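> 3D model of this:
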Amino acid sequence: MSEESPPLLEKTLENWKGKKVALAVGGDHSFTGILEEFDEEIILLKNVMDVVGNKGKSLIVKIDDINWIMLLE
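Presented below is the predicted three-dimensional model:
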């Protein structure tokens, strides 16, 4: 038997862990930060900044609420 390969999203996010990404939530809010962790439901970013320059230590976002995610590094 052959093992199933992981879904494309999981494979891509695993490769992006520890790197800087940008994402849009709900079409109105964009954030940048370091992809720290993810599972099938959420993504956790650290050292976060939003589009207007507000900074935060961490951000948890439901994957279903993300419109797009981009690798910046």
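> got the contact list for I63?
L9, F38, E40, E41, I42, I43 (C-beta atoms under 8 Å, 6 or more residues apart in numbering). C-beta coordinates here come from the backbone N, C-alpha and C atoms, glycine included.
> then V61?
Applying C-beta under 8 Å, 6+ apart, the residues near V61 are L23, V25, F31, I42, I43, L45.
> ok, back up a step: by neighbours, which of the contacts of I63 wins?
I43 (23 neighbours; other C-beta atoms under 10 Å).
> which ones among the contacts of I63 are found in helices?
In this view, these that belong to helices under DSSP state H are L9.
> using CSV, lay out the contacts of I63 together with distance to I60.
Listed next are those as CSV, based on distance: C-beta to C-beta, whole Å:
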residue, distance to I60
L9, 17
F38, 10
E40, 14
E41, 10
I42, 5
I43, 7
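> tell me which stretches of this protein form helices.
8-16.
> give me the contact list for stretch 7-21.
With C-beta under 8 Å, 6+ apart as the criterion, stretch 7-21 contacts 5-6, 32-38, 40, 43, 45, 63, 69-73.
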